[in-house]
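Q: here is a sequence with its predicted model. Questions after.
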Amino acid sequence: MEPGAALADFLRGRRALLCYGLMGDAVVRLGLDYMDAHADWLAAHGARPEVLRVPTADPVAANAERLRAALHEGPPGALVIGHSKGGVEALAALVEPATALRCAAFLAFQSPFYGSEVADLVAESRPLAGIALATARLFRSGSGRGIADLTTAARQAWMAAHAADIRRLVESLPVVTVASHFRPRLRLGRGPHLAALALWLQERVGPNDGQVAVSSALLPGARHLILQGSHIALVARGPGHDPEGALRRAMLAALA
């Protein structure tokens, strides 16, 4: 069967759960495109996309439990797609064997499985942590405690404790982890703060997307893609972005 035919056959009628990253729900409330391109592409190819509605700044464990419930309430064989913190939460749900049985494939885009130094920076600064908490509350995105779950210390401890569970997961179903990197330029009016973060991360962890290091976004044993772009370039439309192409490549990797 040709790859295109296999992809169409896999997606036809399949439930696809989209798991937003931190503050993704706030972005949508502001009327901005976030994972719409993925949902539109999936629907155009016969799938049934739906967004997992959770307060994205809540703790990882709380949202993982919400995803578990959603998977068990719906038909088996769902496609799970997570961006950033959403991928971390999906992993936490899927390491439970009974939940993994409800899933046909898991795609994670730019998820800080081993933590983010940007989360460290926020968590270690009282002013930045206060701003993050106030922002989460302002946009009704949850408690804000989920930020601490993304620090490198918290994530690396969790990954070590669940290493055997993760190994079983990637052996039991297709798991594709997608990272990205970009070469920022400090230009006024074109996201200078993101460029500065990327340059700061480059000195500490190497290639990154402005928030997450490539090395943090790749699960051991999973199928890997490393693309170019900022932290939202693979999941949101915009100049130089190709979210549809990124999703198609990830789907083909899952079916390979």
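A: Arrived safely. Residues are numbered from 1 along each chain as shown.

Q: what distance do you get for residue 45 to residue 18?
A: For residue 45, the distance to residue 18 (CB to CB, to the nearest Å) stands at 14 Å. Backbone N, C-alpha and C define where each C-beta goes, glycine included.

Q: checking residue 233 next. Helix, strand or coil?
A: State at residue 233, reduced to three classes by DSSP: H, G, I helix; E, B strand; the rest coil: coil.

Q: quick one, phi psi at it?
A: In terms of degrees, to the nearest 10, the main-chain angles of residue 233 are phi -60, psi -20.

Q: residues in contact with it?
A: Contacts for residue 233 (CB atoms under 8 Å, 6 or more residues apart in numbering) come out as 180, 182, 209, 240, 241, 242, 243, 246.

Q: per-residue confidence at the residue nearest to the fifth one when sequence neighbours are not counted?
A: Once flanking residues are discounted, residue 241 sits nearest to residue 233: 4.6 Å by CB to CB, 6 or more residues apart in numbering. In the predicted model, residue 233 carries a pLDDT score of 94.

Q: how far away is residue 233 from residue 196?
A: For residue 233, the distance to residue 196 - CB to CB - is 17 Å.

Q: ok, now residue 69?
A: 40 Å.

Q: wasn't residue 105 part of a helix?
A: No: the assignment for residue 105 by three-state DSSP gives strand, which leaves it out of any helix.

Q: what's the local residue count around it?
A: Residues contacting residue 105 under the criterion other CB atoms under 10 Å number 21.

Q: pretty sure it sits against residue 80.
A: Yes: Residue 105 is within contact range of residue 80, at 7.4 Å (criterion: CB atoms under 8 Å).

Q: quick one on the thing from earlier: which of the contacts of residue 233 has the most neighbours?
A: Using other CB under 10 Å as the neighbour test, the contacts of residue 233 are led by residue 209, with 28 neighbours.

Q: so how far is residue 60 from it?
A: 20 Å.

Q: one more: residue 123?
A: 14 Å.
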